[in-house]
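Participant: task: produce atomic coordinates for the following.
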Amino acid sequence: MNTEGFVQAMFKAHPTIRYVGVVDGQYNVLVSKQREGVHSPISEEATRNFVSIVPAIIVDAVEKLSPYFGKVGGITAHYEEVLVIFYRIGDLTVLISFEHDESTPFYDRVTESFSKFSSQYLS
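Facilitator: This next block holds a predicted model:
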């Protein structure tokens, strides 16, 4: 397994990728790498803690519905500052974060409608 090669290939593939992490099936962090020159809003220690804990919570929880809906392709978390995507590849979980303004047309359209309707109907 060449995790460092994978990370470098991902950074070359898409210029808005900020971070790549890979966690094994026991949630051991195999690689946790921030793109050079990109400021992280959290410390390296906090990032490693997040990477080692979150897949066990989010990915495993979402996969509980796989028998009904099929294999999970990816899970996204949209924050004000970053977009995070979780992927499961075999027994590995890959976390990739992007700049917050990365294009997500469907998500952006739904969020715009949600904001409009939630203030109208749920306030």
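
Participant: any low-confidence regions in the protein?
Facilitator: In the predicted model, the chain carries pLDDT under 70 at residues 123.

Participant: what segments of it are strands?
Facilitator: Here the chain has its strands, by DSSP state E, at 17-23, 29-34, 75-78, 82-89, 92-99.

Participant: list the neighbouring strands of the third one plus their orientation.
Facilitator: On the basis of DSSP bridges, the sheet neighbours of strand 75-78 come out as strand 82-89 (antiparallel).

Participant: pull out the buried residues from the partner strand.
Facilitator: Val82, Leu83, Val84, Ile85, Phe86, Arg88 (16 or more other C-beta atoms under 10 Å). Every C-beta, even on glycine, is put in place using the N, C-alpha and C of the backbone.

Participant: possible to save the residues you listed as CSV with distance to Asn49?
Facilitator: Converted to CSV, those look like this (distance: C-beta to C-beta, whole Å):
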residue, distance to Asn49
Val82, 16
Leu83, 20
Val84, 15
Ile85, 19
Phe86, 16
Arg88, 20
